[in-house]
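> This is a predicted model, with the sequence first.
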Amino acid sequence: MPEMPEVEIVKRGLISQIKGRKITNVEVRYQNLITGDVPQFIDIVTGTTIEDIGRRAKFLLIHLDNGYTIISHLRMEGKYRVSADPAMIDKHSHAIFTLDNGQKLIYNDVRKFGRMQLWKTADLANNKSIAKLGPEPLSDAFTFDAVKPRIMRHRKDIKTVLLDQSVMSGLGNIYVDEVLWNAKLHPETPANHLNDDDIRNIIKYSNEEMTMGIDAGGSTVRSYLDSTGHAGHMQDFLHAYDREGTPCDRCGTEIEKIKVGGRGTHFCPHCQVVK
DNA sequence: GCGCTTGTTGTCAT
DNA sequence: AATGACAACAAGCG
């Protein structure tokens, strides 16, 4: 499901819906959802108050008032839903947090790829998953000097490199295709063939696409919904992703779909040429 | 019904 | 160190 803009929308929704609420009960129905000891997770979380919700790249950070943070990753299909309606709970609801206002924070995940992990808030930077993340768009660290060497040290396809969260973080399969379309870069261009203008374009369009995605409430191509159950509408503004067979918005050539690094990849064969 | 696809990441072998 | 294959899982599509 979600890339950085979608996770940001979920974060903002959760802040308005559950920030300041006390968690009175925790039910974990799918044990593998929790990385670590499940009874200990339930024990530490129950009775705490949600101080704030943060985000790093595609990781949601649910800060509790006892010094712990739930690091939550939605992976492909994870969704949060805040509701008092029991009908919102089904066979794909893997964790249910009861709140002190009678509502429940329900974690749904059809494919069960998402994970939650407890970590001491003061030590988040040392968490293995967080520590390896490269700079993310829209942050102060996302500079030419920081990004260029991280990209140029690879000879893989630029598409695969931009999906590597340790190079830079936040982009996923949709937004990478959009950034490369905007930058007029063929997805199979070796990363170390890029020039400084290409790097500047990647930075510029990564910032632009992340901002657009957030402003549009995220992309809903298949299944993404925010924590209030609403779809995003960024999909209406996509130039490449899911557009195979339709004319390129720049030149009219049909958008093609190929596999790059095992991922479905959409591009304009006329505008985006291999260097 | 089978095979292939899907907004991700972590692990393993080379 | 970098790279590619594969794994986790369920459902929809042709």
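Sure thing, it's come through.

> Residue numbers of chain A in contact with DNA strand C?
A:32, A:75, A:91-92, A:110-113, A:153-156, A:160-161, A:261-262 (C-beta under 7 Å from any atom of the strand). Where you see a C-beta, it was placed from the backbone N, CA and C, and this is true even at glycine.

> redo that, cut-off 10 Å
A:30, A:32, A:75-77, A:90-92, A:109-115, A:149-150, A:153-157, A:160-161, A:164, A:166-167, A:190-192, A:222-223, A:259-263 (C-beta under 10 Å from any atom of the strand).

> Quick one, which of those residues are buried?
Among the residues of chain A next to DNA strand C, those buried by neighbour count (16 or more other C-beta atoms under 10 Å) are A:77, A:92, A:109-110, A:114-115, A:150, A:154, A:156-157, A:160-161, A:164, A:167, A:191, A:260, A:263.

> What about those, which are in helices?
Secondary structure from DSSP state H places A:150, A:160-161 of those in helices.

> Which one of those is nearest to DNA strand B?
For these, the closest approach to DNA strand B (C-beta to the nearest atom of the strand) belongs to A:Thr160, at 9.6 Å.

> which residue sits closest to that closest one, ignoring its sequence neighbours?
Excluding the flanking residues, the one nearest A:Thr160 by C-beta to C-beta, 6 or more residues apart in numbering is A:Gly261, at 3.8 Å.

> Please apply the same query to A:Asn182.
Using C-beta to C-beta, 6+ apart, the closest residue to A:Asn182 is A:Tyr205 (4.0 Å).

> sec struct for the one you found, please.
helix (DSSP: H, G, I helix; E, B strand; the rest coil).

> ok, and for the strand or helix carrying A:Arg12, which residues are buried?
Using DSSP states H and E, A:Arg12 falls within helix A:4-18. Residues of helix A:4-18 classed as buried: A:4-14, A:17-18 (neighbour count, 16+ other C-beta under 10 Å).

> Repeat that for stretch A:136-144.
Under 16+ other C-beta under 10 Å, the buried positions of stretch A:136-144 are A:136-137, A:142.

> And the contacts of it?
A:4, A:56-57, A:135, A:168-171, A:196, A:199-200, A:203, A:206-207, A:209-211 (C-beta atoms under 8 Å, 6 or more residues apart in numbering).

> Restricted to helices, list those residues.
A:4, A:196, A:199-200, A:203, A:206-207, A:209-211.

> of all the residues you listed, which two lie farthest apart?
Within the ones in helices among the contacts of stretch A:136-144, two members stand farthest from each other by C-beta to C-beta: A:Met4 and A:Asp196, at 24.6 Å.

> confidence score at the residue in the stretch 1-150 of chain A that DNA strand C sits nearest to?
Proximity to DNA strand C, evaluated over the stretch 1-150 of chain A using C-beta to the nearest atom of the strand, is greatest for A:Arg111 at 3.5 Å. A:Arg111 carries a pLDDT value of 95.

> wouldn't it be in contact with A:Lys79 here?
No - at 11.2 Å, A:Arg111 does not count as touching A:Lys79 under the criterion of C-beta atoms under 8 Å.

> Quick check: nearest residue in space to A:Asn25, chain neighbours excluded?
The nearest residue in space to A:Asn25 (C-beta to C-beta, 6+ apart) is A:Thr98, at 3.9 Å.

> my guess is that neighbour meets A:Lys104, correct?
Yes - here A:Thr98 reaches A:Lys104: they are 5.4 Å apart, a contact under C-beta under 8 Å.

> Domain boundaries for chain A, per the record?
A:4-131, A:144-267 (automatic domain parsing).

> of all these, which lies closest to A:Val273?
domain A:144-267 (5.5 Å).

> The closest one: end-to-end distance?
25 Å (C-alpha to C-alpha, to the nearest Å).
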